[in-house]
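K.L.:
coordinates only, sequence not included:
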């Protein structure tokens, strides 16, 4: 089976690096990392990842707004919004902006992505 | 090399453990706060402890306090302190008295995995590691009639790498010159700054830092 590809968009390099290590250990292929919303959109355009894992709070924008842009313009990429706080509000906002879902950072894992991708793609 | 890591974010902790294991370290303990770190370090006696500065309950400098406690109690354990933002004060506090087996790096440095792993190995082997940004800040401080002004550009580069904790051979590799050339630069730097050239290894880092702090 081909590994699903992931783009990680977060302004903290350590988050990007550690998320890559965890997701790759779980069978995902992290094809790119971006530190800002604009670099993230650019990377999606170029890499067409299966999954975009994007932080709520980015230096140049709100993860939900970017998720909405990506969800409308790049439908082949499933957008998953993430944040260090597991605020119930975020789950609702993620659903409202066309993202595949919200995942608190402490829950990020290959299995969690599997669930979100399996649950909403049909 | 046996390591205990402390980081309150579950994802960063798990990811860091995975990175270190992939690099050949044995992660013998994972802690989520400073008390947990102290407990696990006392129990496992690792070669190296890697800790975030900000941890519960106050999210200020718990990791730094725990690191100092470990140093006082178990000085043979190497300590690498990671910080989201550069704080010169924290760095210098950590290096107070001795620079042996101590490191201070920005969390973002983890992204360059090879360099990060190399830094951990140096600290575990009783060396010193200081974030280049702290060194740049220290070098950027100006004073009247500054002896640093008498250094050549090359000598300043060598001084910065020395302050980060690099050995002569590592500085030579970084600047792509011979070790003999670096030795000459070091001698010249020490003489211009009035430092004792006899200092070596981590004592040299301390001498340089003491000088830069003014």
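P.N.:
Everything's here; your move. Because the structure is predicted, anything quoted here is derived from the model rather than measured.
K.L.:
which residues of chain B fall in strands?
P.N.:
B:2-6, B:26-31, B:48-52, B:78-83, B:102-106, B:128-130 (DSSP state E).
K.L.:
who's in contact with the shortest one?
P.N.:
Contacts with strand B:128-130, where a contact means CB atoms under 8 Å, 6 or more residues apart in numbering or on different chains, come from B:80, B:91, B:95, B:99-105, B:119, B:122-123, B:163-165, B:202, B:205-206, B:209. Every C-beta, even on glycine, is put in place using the N, C-alpha and C of the backbone.
K.L.:
Might you enumerate the residues of chain A proximal to chain B?
P.N.:
By CB under 8 Å from any CB of the partner chain, the residues of chain A that approach chain B are A:12-22, A:25, A:84, A:105-106, A:108.
K.L.:
which of those sit farthest apart?
P.N.:
A:25 and A:84 (20.9 Å; CB to CB).
K.L.:
what distance separates the start and the end of stretch B:71-80?
P.N.:
11 Å (CA to CA, to the nearest Å).
K.L.:
Off-centre distance for that stretch?
P.N.:
Relative to its parent chain, stretch B:71-80 has a centroid offset of 13 Å by CA atoms, centre = their mean, to the nearest Å.
K.L.:
is chain A contacted by that stretch?
P.N.:
No - if you take CB under 8 Å from any CB as the test, stretch B:71-80 misses chain A, and the best it gets is 13.2 Å.
K.L.:
contacting residues around that stretch?
P.N.:
Under CB under 8 Å, 6+ apart, the answer for stretch B:71-80 is B:41-42, B:45-51, B:67, B:70, B:94, B:101-105, B:119-120, B:123-126, B:129.
K.L.:
tell me which residues in it are buried?
P.N.:
Neighbour counts over stretch B:71-80 (16 or more other CB atoms under 10 Å in any protein chain shown) mark B:71, B:77, B:78, B:79, B:80 as buried.
K.L.:
Is it possible to get JSON lines of those that adds pLDDT?
P.N.:
Shown next, in JSON lines, are the buried residues of stretch B:71-80 (pLDDT from 0 to 100):
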{"residue": "B:71", "pLDDT": "92"}
{"residue": "B:77", "pLDDT": "96"}
{"residue": "B:78", "pLDDT": "96"}
{"residue": "B:79", "pLDDT": "96"}
{"residue": "B:80", "pLDDT": "96"}
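K.L.:
Let me know the closest of those residues to chain A.
P.N.:
Lowest distance from chain A to the buried residues of stretch B:71-80 (CB to the nearest CB) belongs to residue B:80, with 13.2 Å.
K.L.:
Report the separation between that closest one and residue B:147.
P.N.:
Residue B:80 sits 32 Å away from residue B:147, going by CB to CB, to the nearest Å.
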